[in-house]
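A.B. asks: model the following, please.
(chains A and B)
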Amino acid sequence: MANQEAAGPPSDFIRDIVKEDLRTGKRGGRVCTRFPPEPNGYLHIGHAKSINLNYGIAREFGGRFNLRFDDTNPVKEEQEYVDSIIDDVRWLGADYGGRVLFASDYFEQMYRWAVELVRKGMAYVCDLAADEVTAYRGTLTRPGRDSPYRGRPVEENLDLLERMRRGEFPDGSRTLRARIDMASPNLNMRDPVMYRIMHAPHHRTGGAWCIYPTYDWAHGLEDSIEGITHSICTLEFENHRPLYDWFLDALGIHHPQQIEFARLNLMYTVLSKRRLLELVQEGRVRGWDDPRMPTVSGLRRRGYTPEAVREFCRRIGVAKFDGVVDIGLLEHCLREDLNRRSPRVMGVLRPLRVVIENYPEGRAEEVEAVNNPEDPSAGVRRVPFGRVLYIEREDFMEEPPKEFFRLAPGREVRLRYAYFIKCIGAVKDPRTGEPAEIRCTYDPATRGGDAPDGRKVKATLHWVSAAHAAAAEVRVYDHLFTKADPDDVEPGQDWKSNLNPRSEEVLTGCPVEPGLASAGPGSRFQFERLGYFCVDNDSRPGALVFNRTVALKDPWAKIQKGHRAR
RNA sequence: UGGGGAUUAGUGUAACGGUAGCACGACAGACUCUGGAUCUGUCUGUCCUGGUUCGAAUCCAGGAUCCCCAGCCA
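C.D. replies: Residues are numbered from 1 along each chain as shown, chains lettered A, B, ... in the order given. Model prediction:
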């Protein structure tokens, strides 16, 4: 079976490059990668792909992996995000050697290099306002024009840059720009801004700076300082690579190789920090860690395991094709992992009362249940049984179609680990006409779940003894969006119109077996025949709350869907 | 109408001039005290048109489609 050990080391075009570099000694035989998040939001599963790639490469080739915050824009960044990102990286299992690095720690060095470029005539202070810079830049099809300040003498540039740093000028009044080529077909090369004036406190450097480096200027320097060998980023930075190279070459410092790969896209959700922030800010979800969110913290709260996420990242591979991964693959990896590790229990989401008429009033007993059929070492437990039980509402049908082989009038089924019961009648709710209670008889000879006479039943139902049940709130989740592509909208609508109004359904008073009463937040279970559930952070003793992590595969649901389609 | 990238089953990803494979999925069956799991089988593919070659997903030419770029965001 495809487990991580047997699968062998992953292979992709980036690892091919690394292998080749190692073979030729191109980068000194070293491998050093990094994950460089900006602390302006929570990590999502797309970041998990990047972390796995970067950390995986470092680990496989005996290299080093850095966690570095790209904190060059103080107005968007917060300590809360730094903390959450560290938690998430750790949870994902990426070993960053305990070094948490920050671009802001390199600000002084970056400034010295900027002065060096000015001295070389490769950068200048420009007094153009933001909109003027835009106008001078030209368009995709027309070249730009040189800034009137482009020819400023070196001494004047040096003086102005120094004064920019000292805080003599207001926000936006000047920038430091690289002198490259205003006619370049690559807009990034048209004298890009290196420093902008922002009188804003930084979450780490406080008020020490009022000029901050832009991404293009800073990123390669950060990589260079850390001795990164392979600077792996997403496709949208492909156009920036010439600039990345230009700065490093201009300075003549260690020059990592930038390699771009396709970011992850997933069906039925959005993976953009901007959009996720919007959902959080507008209260569309319970927060960044809402179990419906594709954030790492959301997945964690939902009950995902880091192993499942890692296996998913391994299976989707790494390439340059900008595609969309079927969320079913993520769910498959989840089930695969949860199946082998989750203890089984019984819980009923939508209870239907069952009275066993020939079971002695007031009697109670315990039946023995297997904790995990996939793992004999998990042992067994005892589950209380009684005269009055709850079964799942959908496990009974008054007039069943042929394919339905659960409980129905006159039909016999097995209660898991307990007895065969036969339905002898249903009491209807006079108001709704729906069955309110089922009357059954049981066969005492079938205790444990097998009939001595060898007769078979077609179904086994889960159940909970009414007298012993603990009550729980259960939150059942569905995809965040109703469409695989949330951007597939009617004219005039936006992606949020595809938000799934039923992405969360809260069920209360769900009977679960009593052993669950003491389960703490984060513990995971399989509710037999239903799915995998975990105890939510909101759970309290006496007020249990479960999240449905993912449902079990459900052929019956598929059959029903087929019926409805017809 | 500039530049940069991409295109292999429904989805993702291999094949590096030599039998188009894997995974998810779908479908069918076996098994089953979870309609779960497990097992077996089946299904669908090289963007198009030419060319080179004994042989092309792979090399060449032309075309199509999609993505990215005009932040003092990253």
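A.B. asks: what does the model give the residue in the stretch 351-500 of chain A that RNA strand B sits nearest to for pLDDT?
C.D. replies: Using CB to the nearest atom of the strand, A:Gly449 is the residue of the stretch 351-500 of chain A that sits closest to RNA strand B, at 1.8 Å. Yep, even glycine has a C-beta here, placed from its N, CA and C like the rest. pLDDT for A:Gly449: 96.
A.B. asks: could you report the neighbour count for A:Ala484?
C.D. replies: For A:Ala484, the count of nearby residues is 15 (other CB atoms under 10 Å).
A.B. asks: host element of it?
C.D. replies: Assigned by DSSP states H and E, A:Ala484 falls within no helix or strand.
A.B. asks: residue most distant from the centroid, chain A?
C.D. replies: The C-alpha centroid of chain A is most remote from A:Asp453, which lies 51.6 Å away (CA atoms, centre = their mean).
A.B. asks: can you give me the distance of that one to A:Glu365?
C.D. replies: 22 Å (CB to CB, to the nearest Å).
A.B. asks: with A:Val474 instead?
C.D. replies: Counting by CB to CB, the gap from A:Val474 to A:Glu365 is 27 Å.
A.B. asks: comparing these two, which residue is more hemmed in?
C.D. replies: A:Val474 (24 against 13).
A.B. asks: what's the pLDDT at the more buried one?
C.D. replies: Value listed for A:Val474 in the pLDDT field: 98.
A.B. asks: tell me who's in contact with it.
C.D. replies: Shown in contact with A:Val474 (CB atoms under 8 Å, 6 or more residues apart in numbering): A:Gly347, A:Leu349, A:Val506, A:Leu507, A:Thr508, A:Cys510, A:Phe533, A:Val545, A:Phe546, A:Asn547, A:Arg548.
A.B. asks: do whatever helix or strand the third one lives in and RNA strand B meet at all?
C.D. replies: Secondary-structure element containing A:Val506, defined by DSSP H and E: strand A:504-512. No. Strand A:504-512 lies out of reach of RNA strand B by CB under 7 Å from any atom of the strand, never closer than 14.6 Å.
A.B. asks: on contacts alone, who are the packing partners of that strand?
C.D. replies: On a contact count with 3 or more CB pairs under 8 Å, 6 or more residues apart in numbering; DSSP states H and E, strand A:504-512 meets strand A:351-356, strand A:470-477, strand A:544-551.
A.B. asks: just checking, what packs against the shortest one?
C.D. replies: In terms of contact count using 3+ CB pairs under 8 Å, 6+ apart, strand A:351-356 is assigned the packing partners strand A:388-392, strand A:435-443, strand A:504-512.
A.B. asks: which element follows the helix or strand in which A:His219 is found toward the C-terminus?
C.D. replies: Taking DSSP H and E as the definition, A:His219 sits inside helix A:215-225. Note on helix A:215-225: by DSSP H and E, the next helix or strand toward the C-terminus is strand A:230-234.
A.B. asks: for the helix or strand following that following strand, packing partners?
C.D. replies: Of the helices and strands lying after strand A:230-234 in sequence (DSSP H and E), the nearest is helix A:241-251. Using 3+ CB pairs under 8 Å, 6+ apart, the elements in contact with helix A:241-251 are helix A:107-119, strand A:175-178, helix A:215-225, strand A:257-261.
A.B. asks: for those, give me CSV that also has mean neighbour count, distance to RNA strand B and mean pLDDT.
C.D. replies: Below are those laid out as CSV (neighbours: other CB atoms under 10 Å; distance: least, CB to the nearest atom of the strand, whole Å; pLDDT from 0 to 100):
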stretch, mean neighbour count, distance to RNA strand B, mean pLDDT
helix A:107-119, 18, 12, 98
strand A:175-178, 24, 5, 98
helix A:215-225, 23, 3, 98
strand A:257-261, 19, 7, 98
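A.B. asks: in stretch A:145-155, what's buried?
C.D. replies: A:Ser147, A:Tyr149, A:Arg152 (16 or more other CB atoms under 10 Å).
A.B. asks: near RNA strand B, from the residues you listed?
C.D. replies: Applying CB under 7 Å from any atom of the strand to the buried residues of stretch A:145-155, none is adjacent to RNA strand B.
A.B. asks: A:His462: neighbour count?
C.D. replies: 21.
A.B. asks: wait, it touches A:Phe527, no?
C.D. replies: Yes. Counting by CB atoms under 8 Å, A:His462 touches A:Phe527, with 7.3 Å between them.
A.B. asks: between those two, what contacts are shared?
C.D. replies: A:Met346, A:Gly347.
A.B. asks: mind giving me the domain ranges of chain A?
C.D. replies: A:2-261, A:273-343+A:473-565, A:349-461 (automatic domain parsing).
A.B. asks: contacts made by the helix or strand of chain A with the lowest mean pLDDT with the rest, please.
C.D. replies: Within chain A, no helix or strand scores below helix A:555-565, which has a mean of 85 by mean pLDDT, DSSP states H and E. With contact meaning CB under 8 Å, 6+ apart, helix A:555-565 is reached by A:Pro401, A:Glu403, A:Phe404.
A.B. asks: do the same with stretch A:37-48
C.D. replies: A:35, A:51, A:69-73, A:76-79, A:81-82, A:84-85, A:88-89, A:92, A:203, A:263-266, A:271, A:273, A:276-277, A:288-289, A:293-297, A:299, A:309, A:312-313, A:330.
A.B. asks: and the residues you listed, which of them are in strands?
C.D. replies: Counting by DSSP state E, these place A:Phe35, A:Phe69 in strands.
A.B. asks: out of the contacts of stretch A:37-48, which are buried?
C.D. replies: A:35, A:51, A:69-73, A:77, A:81-82, A:84-85, A:88-89, A:92, A:203, A:263-264, A:266, A:271, A:273, A:276, A:288-289, A:293-297, A:299, A:309, A:312-313, A:330.
A.B. asks: go back to those residues and keep what's next to RNA strand B.
C.D. replies: Among the buried ones among the contacts of stretch A:37-48, RNA strand B is touched by A:Asp70, A:Thr72, A:Asn73 when using CB under 7 Å from any atom of the strand.
A.B. asks: redo those as JSON lines? Include distance to A:Ala408 and pLDDT.
C.D. replies: Below are these laid out as JSON lines (distance: CB to CB, whole Å; pLDDT from 0 to 100):
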{"residue": "A:Asp70", "distance to A:Ala408": "62", "pLDDT": "98"}
{"residue": "A:Thr72", "distance to A:Ala408": "66", "pLDDT": "98"}
{"residue": "A:Asn73", "distance to A:Ala408": "64", "pLDDT": "98"}
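A.B. asks: near RNA strand B, which residues of the stretch 301-450 of chain A?
C.D. replies: Residues of the stretch 301-450 of chain A lying near RNA strand B (CB under 7 Å from any atom of the strand): A:315-326, A:328-329, A:332, A:335-336, A:339, A:344, A:372-374, A:403-406, A:414, A:416-417, A:448-450.
A.B. asks: restricted to helices, list those.
C.D. replies: A:Arg315, A:Ile316, A:Gly328, A:Leu329, A:His332, A:Arg335, A:Glu336, A:Asn339 (DSSP state H).
A.B. asks: good, wrapping up.
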